[in-house]
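Engineer: sharing a model that was predicted from the sequence below.
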Amino acid sequence: LGEKYTEEALKRRIVYLPQYERFFQTELPKVRANHLPNQIVIETMVHYMRSVREGKIRLRRIDKTNPVCWKNDPEMDALLRLNKMINEGATLASIRKDFAEKEQAVLKLREQLEEVQSELKTYIVLKEKCEIVFGLRYSEKYTHEQAAATLKGYPSINADNWKRVYNLVADQKKAVEDLQSKLAQTETELKEAAELAGTAERVFGTTFVQDAIRRCSCEEVGKYLPNGSFTPDGFYRR
């Protein structure tokens, strides 16, 4: 099975290679002649592919259930996504700005969530103390005197309307759930923006391929060391 899988991966890589080479043979002279914004991205793709063919870089898999190939390689996928964004008008400055804005949005939502969760805890305690005073419920956490002392701070709550606190708790729980959902979505967007920004920084800083080569070298040496390997830049921990 391992031999067949490796053979399939090699076939896919060979099949897609001419397709990519034809694309770059047409695209690269065009972007160079017209000084298009994505010129450096296309040049990085060409450099990356050549480094793979020369054995300096090993392709990896985005989808572990599919064989290794150009279309399933995270680095090539990152370059293609960056190329698409630049073709749509993005610049290094706008990519940085988008990342910074999403980072601030996540921080703001986390603060809001902490505040709403704190309010929910307050309402839950208030509900419990209302149940002790007005519902005559026994509690191991609070005495009747403690509960009554707290309710003095809420003069609008009385024996006729205290059950409204249940609605208050339910509404606050809903607010917490909504914020948690929004935060999760925004964190996903931040992760994507961070990955795009990281790719852009390495591409425009001309270190993308060098970083990939270094990673492969460290992983190769790291096979023989349980916790990582030593490199010219220091210790690389896996």
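Structural biologist: Noted; the coordinates are in hand.

Engineer: from here on, contacts and neighbour counts on C-alpha atoms
Structural biologist: Noted.

Engineer: can you pull out the helices in the chain?
Structural biologist: Under the criterion DSSP state H, the chain contains helices at 2-34, 39-53, 74-87, 92-133, 144-151, 164-204, 208-222.

Engineer: quick one: residue 105 and residue 188 touch, right?
Structural biologist: No - counting by Cα atoms under 8 Å, residue 105 sits too far from residue 188 to count as a contact (11.8 Å).

Engineer: neighbouring contacts of stretch 155-164?
Structural biologist: With contact meaning Cα atoms under 8 Å, 6 or more residues apart in numbering, stretch 155-164 is reached by 130, 134, 151.

Engineer: from residue 172, how far out is the second one?
Structural biologist: Put plainly, it is residue 134. Counting by Cα to Cα, to the nearest Å, the gap from residue 134 to residue 172 is 22 Å.

Engineer: how about the last one?
Structural biologist: Relative to residue 172, residue 151 is positioned 19 Å away (criterion: Cα to Cα).

Engineer: who are the contact partners of the most centrally placed residue in the chain?
Structural biologist: Nearest to the geometric centre of the chain sits residue 191, at 2.4 Å (Cα atoms, centre = their mean). Residue 191 makes no contacts at all, as judged by Cα under 8 Å, 6+ apart.

Engineer: pLDDT wise, what is it at?
Structural biologist: We have a pLDDT of 97 for residue 191.

Engineer: when you give positions from now on, start the count at 875
Structural biologist: All right, first residue 875 from here; so that's residue 1065.

Engineer: against residue 1057, how distant is it?
Structural biologist: Counting by Cα to Cα - residue 1065 and residue 1057 are separated by 12 Å.

Engineer: got the domain ranges for the protein?
Structural biologist: Domain segmentation of the chain under automatic domain parsing yields 876-969+1077-1111, 973-1068.

Engineer: CSV for the contacts of stretch 1029-1038, including pLDDT?
Structural biologist: What follows is the contacts of stretch 1029-1038, written out as CSV (pLDDT from 0 to 100):
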residue, pLDDT
1004, 97
1008, 94
1025, 96
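
Engineer: tally of neighbours for residue 1082?
Structural biologist: 22 (other Cα atoms under 10 Å).

Engineer: residues contacting residue 1048?
Structural biologist: By Cα under 8 Å, 6+ apart, residue 1048 has no neighbours at all.

Engineer: the one 5 residues further on too?
Structural biologist: With contact set as Cα under 8 Å, 6+ apart, residue 1053 has these partners: 983, 986, 987.

Engineer: how near is the closest residue in space to the second one that isn't next to it in sequence to residue 980?
Structural biologist: When the adjacent residues along the chain are set aside, residue 986 lies closest to residue 1053, with 7.9 Å between them (Cα to Cα, 6 or more residues apart in numbering). Using Cα to Cα, one gets 11 Å for the distance from residue 1053 to residue 980.
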